[in-house]
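Undergrad: Fold the following for me, if possible:
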Amino acid sequence: MDQQKENPVKNDVPKTTKEQQEDITSRAIRAGKRTYFFDVKSTRGGDYYLTITESKKRMGKEGQAFYEKHKIFLYKEDFDKFSEGLQEVIDFIRTNNPSAEKPSSVKDQGDDQVFPKIDFDDLEK
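TA: Alright, predicted model coming up:
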């Protein structure tokens, strides 16, 4: 009977899975073609952290919709620095470029995309 050598380095900490992360509260903000999600979750140790997700609906080359997502994980030890920095740049934009806040002045990439004409009567055939 062969005996296998044990790995001298043991990792006793179980890996975190999505199922182990407890959702505490969520908030969705719809902003034009984008949706922002603010999700408060709990670590295994009971500490809260924030995930900020930007989700944007896009059209693929074959005309199928998909969602492009970008995510930031923000831990409580960084809350103060993050919120101060965010407020500083928002104040700067409002002071130095007030017209940037008008939604009609923002043009989204992909607004000029051409999509094939779909005849819904053909789908029933």
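Undergrad: List the pairing partners of the helix or strand hosting Phe66 within its sheet, with orientation.
TA: Element membership for Phe66 (DSSP states H and E) is strand 65-75. Here strand 65-75 is paired, per DSSP bridges, with strand 48-59 (antiparallel).
Undergrad: Enumerate the positions of the partner strand that are buried.
TA: Buried residues in strand 48-59, counting neighbours by 16 or more other C-beta atoms under 10 Å, are found at 49-51, 53, 56. All C-beta atoms are positioned from the backbone trio N, CA, C, and that covers glycine.
Undergrad: Using CSV, write out every CA atom in that strand.
TA: Presented in CSV, the C-alpha positions along strand 48-59 are these (Å, rounded to 0.1, in the frame of the first residue of the first chain):
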residue,chain,number,x,y,z
TYR,A,48,-19.9,44.3,6.4
TYR,A,49,-18.5,45.4,3.0
LEU,A,50,-20.0,47.1,0.0
THR,A,51,-20.1,46.0,-3.6
ILE,A,52,-20.9,48.6,-6.2
THR,A,53,-21.8,47.2,-9.6
GLU,A,54,-22.4,49.1,-12.8
SER,A,55,-24.6,47.1,-15.3
LYS,A,56,-25.1,48.2,-18.8
LYS,A,57,-27.2,46.5,-21.4
ARG,A,58,-25.4,46.0,-24.7
MET,A,59,-26.1,44.4,-28.1
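Undergrad: is it true that Ile24 touches Lys41?
TA: Yes: Ile24 lies in contact with Lys41 (C-beta atoms under 8 Å); the separation is 6.2 Å.
Undergrad: So those two - more neighbours on which side?
TA: Lys41 (17 against 12; other C-beta atoms under 10 Å).
Undergrad: Just want the angle from the helix or strand harbouring the more buried one to strand 65-75.
TA: Lys41 is part of strand 34-42, with elements assigned from DSSP H and E. For strand 34-42 against strand 65-75, the angle by axes from the mean of the first three to the mean of the last three C-alpha atoms, to 10 degrees is 40 degrees.
Undergrad: And the contacts of strand 34-42?
TA: 21-29, 48-56 (C-beta atoms under 8 Å, 6 or more residues apart in numbering).
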